[in-house]
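Visitor: Structure for the following, please:
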Amino acid sequence: MEKMLRLELLLANLERHQTKEHVKNAVKEWLLASRSVIDSVIDTIEEEREAPVARKINITDE
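Guide: Residues are numbered from 1 along each chain as shown. Predicted structure coming up:
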């Protein structure tokens, strides 16, 4: 019976502190951070593809 009272108290505290909202916000922040990292990796890969290529310059008198 004591465990039930503790469980009820825990659930009441979770409701009072809006734990569900905190978890939703934490997951949202994590997803945004992950997307930022992925975007950064994609940008880096695209920059490597578009890197300028050295060109041979012919320096001869004509």
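Visitor: Can you pull out the low-pLDDT segments for the protein?
Guide: The model of the chain has pLDDT under 70 over residues 51-53, 61-62.
Visitor: for it, what spans make up the strands?
Guide: For the chain, no strands are identified by DSSP state E.
Visitor: where exactly do the helices run in it?
Guide: 2-16, 19-49 (DSSP state H).
Visitor: Output those helices in TSV; the columns should cover mean neighbour count and distance to residue 56.
Guide: Every residue, glycine included, has its C-beta placed from N, CA and C. TSV is the format used below for these (neighbours: other C-beta atoms under 10 Å; distance: least, C-beta to C-beta, whole Å):
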stretch	mean neighbour count	distance to residue 56
helix 2-16	9	69
helix 19-49	10	21
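Visitor: Nearest to residue 60, out of those helices?
Guide: helix 19-49 (32.8 Å; C-beta to C-beta).
Visitor: and that closest one, how far from the chain's centre?
Guide: Relative to the centre of its chain, helix 19-49 is centred 2 Å away, using C-alpha atoms, centre = their mean, to the nearest Å.
Visitor: Kindly reformat the helices of the chain as TSV containing distance to residue 57.
Guide: Shown next, in TSV, are the helices of the chain (distance: least, C-beta to C-beta, whole Å):
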stretch	distance to residue 57
helix 2-16	71
helix 19-49	24
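Visitor: I'd like to know which of those helices is closest to residue 59.
Guide: Nearest of the helices of the chain (C-beta to C-beta): helix 19-49, 29.7 Å.
Visitor: any idea of the angle that closest one forms with helix 2-16?
Guide: With axes from the mean of the first three to the mean of the last three C-alpha atoms, to 10 degrees defining the directions, helix 19-49 sits at 60 degrees from helix 2-16.
Visitor: Please report how far residue 34 lies from residue 13.
Guide: 30 Å (C-beta to C-beta, to the nearest Å).
Visitor: likewise residue 46?
Guide: 49 Å.
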